[in-house]
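Undergrad: Just need the structure, nothing else, for what follows:
(one chain, ligands or ions: 2)
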Amino acid sequence: FLDQQLTSEEILHHLQNIVDFGKHVMKQFFGENYVHHGEIIQLPLDFVRQLCLKIQPERPESRCDKDMDTLSGYAMCLPNLTRLQTFRFVEPRPILCIEIKPKCGFIPFSSHVSQEIKHKVCRYCMHQHLKVANGKWKRPSKYCPVDLFSGNKQRMHFALKSLLQEAQNNLKIFKNGELIYGCKDDQECSSDWNELARHLKPFFFPSNGLVSGPHCTRTIVKELIHVITLTLLSSTDACRAGDMKTVPFSQGRSYCEASAFNKELVRNGKHKLESSGLPRGCLLYKTLQAQMLDMLDIEGLYPLYNRVEQYLEEFPEERSTLQIDGPYNEAFYEKLLDLSTEDDGTIAFALTKVQQYRIAMTAKDCSIMIALSPCLQDEW
Ligand SMILES: O=P(O)(O)O[C@@H]1[C@@H](OP(=O)(O)O)[C@H](OP(=O)(O)O)[C@H](O)[C@H](OP(=O)(O)O)[C@H]1OP(=O)(O)O
Ligand SMILES: Nc1ncnc2c1ncn2[C@@H]1O[C@H](COP(=O)(O)OP(=O)(O)OP(=O)(O)O)[C@@H](O)[C@H]1O
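TA: Ligands and ions are numbered 1, 2, ... in the order given. This is a model prediction of the structure:
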């Protein structure tokens, strides 16, 4: 979906840039097998026009400010991750896919932050107040990303349970590619745990005697939370950015004052929240590492952004040599590895921080899709 009038050639270039960003930049942070960069395909215009008409009534109203590109004939093709069959299994098996959009998992530690509250309460929890106040969601969620990213199993379980209580746009569950739990759009949400348990039972307890009822529902939901936690904490393939030192455990606060889990502890007279830390190399660790490339916070970054902008106004021809909008290649990636925060007043420093911020923002807004399929014991 594009919101500007561009020529076909410009659209092709734009799409190529998106693919290259995934392929040569985001993959370095998450690992080869954890980012689908997609590919560009050409489609007959008639097909695109018909597709546009067909999907229009299905699109949530809040998304309809963007129009589908029906003129260039170019599109991005991605695998359907809700149906993705991982490996080996020849015959079709039922597949469960859990999509989590975890959002920013750390509290800003930058000295540029001017409001004390930003050092205490995470962005997600602050946004909950805004979203309920402006009517985007009916109820505030008890989910806090800082709990999910803590690596502490109890806090993670609480965070995932809270996501299951108020999925908003942070959790969706698909069975065989069909959305069975979560919000289809801002109005239509399914959040019936009994119904969810009915769908999940064949995955977790295919043949045992668990009957229905609240006990059964709770057991199945607990099992689901357990499986998601294990997946989020399990090791993944090594990736090139693996040794970056962006995760400074000593800096910043490891809990959010607005977290319901934290408030409960304080009520019970406990003041120290455990954050076991994430195992290096697990998916959450990698996500957090990329998110933490936002080292200066928007308050420290914005003056640097202005510096780049002013420079480009003066020297517009430098846009391509500075790789402002790509190409996203090896040279671009190498520049991202400089984690210094000492401003030497150069355009190079400002630009590196702006580009690192872009990676961080991508990681703060990305979804993790976990696909599960039952297998027989000897297939492990
Ligand atoms: O800023 P945030 O944290 O509210 O994130 C925006 C998301 O809101 P959320 O908080 O997840 O409901 C927002 O999600 P929704 O459209 O509200 O589902 C978008 O993903 C937005 O990205 P973009 O600017 O459209 O590319 C996101 O904006 P960016 O901050 O990634 O630019
Ligand atoms: N490859 C995929 N396989 C399965 N589902 C997907 C895939 N890509 C996206 N989705 C589903 O579509 C939803 C929206 O995706 P995404 O946020 O990338 O769209 P978008 O183009 O940014 O939307 P908008 O521009 O309206 O914000 C995701 O949350 C996910 O549920």
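Undergrad: Strands along the stretch 101-250 of the chain, start to end?
TA: Ranges of strands within the stretch 101-250 of the chain are 171-175, 178-183, 189-190, based on DSSP state E, counting those that start in this stretch.
Undergrad: Give me every residue in the stretch 151-300 of the chain lying close to ligand 2.
TA: Lys172 (C-beta under 6 Å from any ligand atom). C-betas here are computed from N, CA, C, even on glycine.
Undergrad: Pick out the residue of the stretch 151-300 of the chain closest to ligand 2.
TA: Lys172 (5.4 Å; C-beta to the nearest ligand atom).
Undergrad: how far away is the closest residue to that residue other than its chain neighbours from ligand 1?
TA: Computed as C-beta to C-beta, 6 or more residues apart in numbering, the closest residue to Lys172 that is not its neighbour in sequence is Gly182, at 3.6 Å. Separation of Gly182 from ligand 1 (C-beta to the nearest ligand atom, to the nearest Å): 12 Å.
Undergrad: Point out where the stretch 201-350 of the chain drops to low pLDDT.
TA: 206-212, 243, 247-252, 271-276 (pLDDT under 70).
Undergrad: Taking it, what residue is nearest to ligand 1?
TA: Closest residue of the stretch 201-350 of the chain to ligand 1, C-beta to the nearest ligand atom: Ile298 (9.8 Å).
Undergrad: Work out for me the element that residue sits within.
TA: helix 297-314 (DSSP states H and E).
Undergrad: What's the first helix or strand after that helix?
TA: Scanning onward from helix 297-314 (DSSP H and E), the first element met is helix 318-321.
Undergrad: just to revisit the earlier point, buried residues in the helix holding Ile298?
TA: Buried residues in helix 297-314, counting neighbours by 16 or more other C-beta atoms under 10 Å, are found at Asp297, Gly300, Leu301, Leu304, Arg307, Val308, Tyr311, Leu312.
Undergrad: tell me the contacts of the residue of the stretch 201-350 of the chain closest to ligand 1?
TA: Tyr357 (C-beta atoms under 8 Å, 6 or more residues apart in numbering).
Undergrad: any idea how far it is from Ser110?
TA: 9 Å (C-beta to C-beta, to the nearest Å).
Undergrad: Output the set of residues of the stretch 1-150 of the chain in proximity to ligand 2.
TA: Going by C-beta under 6 Å from any ligand atom, the residues of the stretch 1-150 of the chain near ligand 2 are Phe1, Arg63, Lys66, Leu78, Pro79, Asn80, Leu81, Thr82, Glu99.
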